[in-house]
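# Starting from these lines, generate the structure:
(one chain, ligands or ions: 1)
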Amino acid sequence: MATLRAHTLPSASTSGINRASSRRSTIRAMAGRMTLYDVPVSNNGARNRYIIRKKGLEGEVDIVSPQSIGGLKSAEYLALNPQGKMPLLVLEDGTPLPESEVISQYLLDKFADRGEALVAATPEERARAALITRIHDVYIVPIQGAMYRSMDCVETRAAQIGQIAFQLDVLEGLVRGPYAAGSQVTAADAALFPTFVFFEFMLPAYFGWSDVFAGRPKLAAWWAHMKQDPVAAKIMEEVRGGLQGWAANNRWREQGISDHVANTNYKWAY
Ligand SMILES: N[C@@H](CCC(=O)N[C@@H](CS)C(=O)NCC(=O)O)C(=O)O
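Below is the predicted model of the structure:
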């Protein structure tokens, strides 16, 4: 943390930001609590919510929507995270900490003695957890929008859906069971699980997949095991609640995704 400088919020008068939200941030910081900016449907933020609940940190971290300070692209939010993405953790002293895996590792480090460790016991299992998380973050997260965002190019969408299928096979080769990295629940499970809620909700319903887990027995066993965890079940309920809202608003039709998938020149189901 030594390289991160405490962030000073721009004053309301100079930035034009809402005075009330600025006051709320100040009050939270003064109360000595951290703030996680996130919303229920966010899969990347859900990995942090999983860790917060598994470790019993609800009393240390307030979870609030980015809308409370004007949204992801507001001046106040961009001053905290120039990427304009969630989640974002703001520490007690006002230091902004973006990027979900960095936030996860900070929480595991800072609260090592609280609740479940969520760190594997051996160097090999820790390396496996880190690798699974990296596959997720580097090869899946940047293309997950192919499942639910508008996109001009049908060819790009089809290629990215194919990439998701490929990365699922990569994960099938890495997951050990009962948890992703082996005998212990780790941050890798926290990272993967919410994204699998996306896969299971969207790929069959909108891309014609018969079953995300077909031919992937290790992932199937991992998924069944994870769903028995009450904290994971709560995450699933939150993420699915958001996705059901998108479905109710005809998101896949409105964003042109259904039209893309109707194009049989491309492969959509794996
Ligand atoms: N690498 C980032 C990815 C964050 C990310 O893409 N967040 C999504 C929500 S899950 C987001 O903020 N999307 C809004 C946008 O990109 O405008 C992380 O792990 O935190």
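# Which strands and helices lie in contact with whichever strand or helix holds Leu131?
Following DSSP states H and E, one finds Leu131 within helix 123-135. Under the contact definition 3 or more C-beta pairs under 8 Å, 6 or more residues apart in numbering; DSSP states H and E, helix 123-135 sits against helix 154-174, helix 187-207. C-betas here are computed from N, CA, C, even on glycine.
# Mind listing what's buried along the helix or strand just after the last one?
This means helix 187-207. Past helix 187-207, further along toward the C-terminus, the next helix or strand under DSSP H and E is helix 217-227. Within helix 217-227, the residues scored as buried using 16 or more other C-beta atoms under 10 Å are 218-220, 222-223, 225-226.
# In JSON lines, list these along with distance to Met86.
Shown next, in JSON lines, are those (distance: C-beta to C-beta, whole Å):
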{"residue": "Lys218", "distance to Met86": "31"}
{"residue": "Leu219", "distance to Met86": "26"}
{"residue": "Ala220", "distance to Met86": "30"}
{"residue": "Trp222", "distance to Met86": "26"}
{"residue": "Trp223", "distance to Met86": "25"}
{"residue": "His225", "distance to Met86": "28"}
{"residue": "Met226", "distance to Met86": "23"}
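# Tyr50: which of those residues is nearest?
Within these, proximity to Tyr50 (C-beta to C-beta) peaks at Met226, which comes in at 10.0 Å.
# quick revisit: deepest in the core, which of the helices and strands packed on helix 123-135 is it.
For the helices and strands packed on helix 123-135, the largest average neighbour count (mean count of other C-beta atoms under 10 Å) is found in helix 187-207, namely a mean of 23.
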